[in-house]
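Student: Below: sequence and its predicted model.
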Amino acid sequence: MSFFYFSSPSTFYRLAGWIAPWCFAVAAVLGAAGLYVGLVQAPTDAQQGEVYRVIFIHVPAAWMSMFLYFVMACYGGVALTFNARLAAMMARAIAPTGAMFTFVALWTGSFWGRPTWGAYWVWDARLTSELVLLFLYFGFIALANAFEDPRRGDRAGALLALIGLVNLPIIYFSVLWWNTLHQGSSVSFKGTSMHVSMFTGMMLMTFSFWAYAIGMSLARVRVVILERERRAQWVRTL
């Protein structure tokens, strides 16, 4: 089988239809396990009390918001460089899920900030740059759908996505570059300062969100493929 066999929308449509349900099943199992560990087994934090448990949603959502934007921009770059239709479709399919995770990160962060900082929102460097990320997702979605010719929308959206990559290091390093209220990272390549059950719960939720994002992107790209290829012979035979 050729390496590029699944680069065809017709073959990838069938592959995505097979993989997506499994991803949703994995996401449900890991999510249930993660919530149980995080909400039941993990101990109460000595400083923040029970309110810290929002991290089991907030932190994985924030990670996914940045990771999905990077993947979306990569697909956009491939579509722009090689004129790859399927890559452009994948970028469009990923954007709504990335925007959703960004909104969840901001929303849960505000509930965490109220008892911690005394305010739901402050113009902190990390919060502001994460809000900019949400606007970049919205901008990509709007720009990609602003043209009657979808290929022009693909190119315009890809350019915006690539330009917006500069915001990702700002989000990640904001707590190091500026004096911010947002706490530093408790997890890094050097290890973690978290209790093992806290870390386990957070990683289970991260993998759950990851599986959900893959499944949702594949399910959505099938819709995009049908919209783009509706005049193709293979679509009429479905």
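Tutor: Yep, it's here.
Student: what about the closest residue to residue 71 other than its chain neighbours, how many neighbours?
Tutor: Nearest residue to residue 71, sequence neighbours excluded (CB to CB, 6 or more residues apart in numbering): residue 94, at 6.1 Å. The way it works is simple: take the backbone N, C-alpha and C, and place the C-beta from them, glycine included. Using other CB atoms under 10 Å, residue 94 has 28 neighbouring residues.
Student: Sticking with residue 94, tell me its helix or strand.
Tutor: Assigned by DSSP states H and E, residue 94 falls within helix 85-117.
Student: Summarise which helices and strands that helix is packed against.
Tutor: Using 3 or more CB pairs under 8 Å, 6 or more residues apart in numbering; DSSP states H and E, the elements in contact with helix 85-117 are helix 9-36, helix 55-82, helix 125-144, helix 150-164, helix 196-228.
Student: now residue 212: how far from residue 227?
Tutor: According to CB to CB, to the nearest Å, residue 212 stands 23 Å off from residue 227.
Student: the more surrounded of those two?
Tutor: The neighbour count for residue 212 versus residue 227, taken as other CB under 10 Å, is higher for residue 212 (21 against 12).
Student: who's in contact with that one?
Tutor: 23-24, 27, 31, 97 (CB atoms under 8 Å, 6 or more residues apart in numbering).
Student: What of residue 214?
Tutor: With CB under 8 Å, 6+ apart, residue 214 has these contacts: 19-20, 23.
Student: Could you check how far it is from residue 221?
Tutor: Where residue 221 is concerned, residue 214 sits at a distance of 11 Å (CB to CB).
Student: same question, residue 112
Tutor: For residue 112 relative to residue 221 (CB to CB), the value is 33 Å.
Student: Could you save the helices and strands packed on helix 85-117 as TSV and add columns showing distance to residue 173?
Tutor: Below are those laid out as TSV (distance: least, CB to CB, whole Å):
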stretch	distance to residue 173
helix 9-36	27
helix 55-82	12
helix 125-144	9
helix 150-164	16
helix 196-228	20
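Student: I'd like to know which of the ones you listed is closest to residue 108.
Tutor: helix 55-82 (4.0 Å; CB to CB).
Student: Does anything pack onto that closest one? Which helices or strands?
Tutor: Using 3+ CB pairs under 8 Å, 6+ apart, helix 55-82 sits against helix 85-117, helix 125-144, helix 150-164, helix 167-177, helix 196-228.
Student: For residue 35, which of those helices is the nearest?
Tutor: Short answer: helix 196-228, nearest of those by CB to CB, at 7.3 Å.
Student: Mind listing what's buried along that closest one?
Tutor: Buried positions in helix 196-228, judged by neighbour count with 16 or more other CB atoms under 10 Å: 198-222, 224-225, 228.
Student: what stretches of this structure score poorly on pLDDT?
Tutor: 1-5, 46, 175, 177-193, 231-238 (pLDDT under 70).
Student: If we use 90, what do you get?
Tutor: 1-11, 42-53, 83, 109-127, 172-199, 228-238 (pLDDT under 90).
Student: Give me the distance from stretch 121-140 to the chain's centre.
Tutor: Relative to the centre of its chain, stretch 121-140 is centred 14 Å away, using CA atoms, centre = their mean, to the nearest Å.
Student: Identify the residue nearest residue 35 in space, chain neighbours excluded?
Tutor: Closest residue to residue 35 apart from its sequence neighbours, by CB to CB, 6+ apart: residue 56 at 6.9 Å.
Student: show me the contacts for the one you found.
Tutor: Residue 56 makes contact with 34-35, 38-39, 42, 201-202, 205 under the criterion CB under 8 Å, 6+ apart.
Student: List the buried residues of the helix holding residue 94.
Tutor: 85-106, 108-110, 112-113, 116.
Student: Before I go, just wanted to say thanks for your time.
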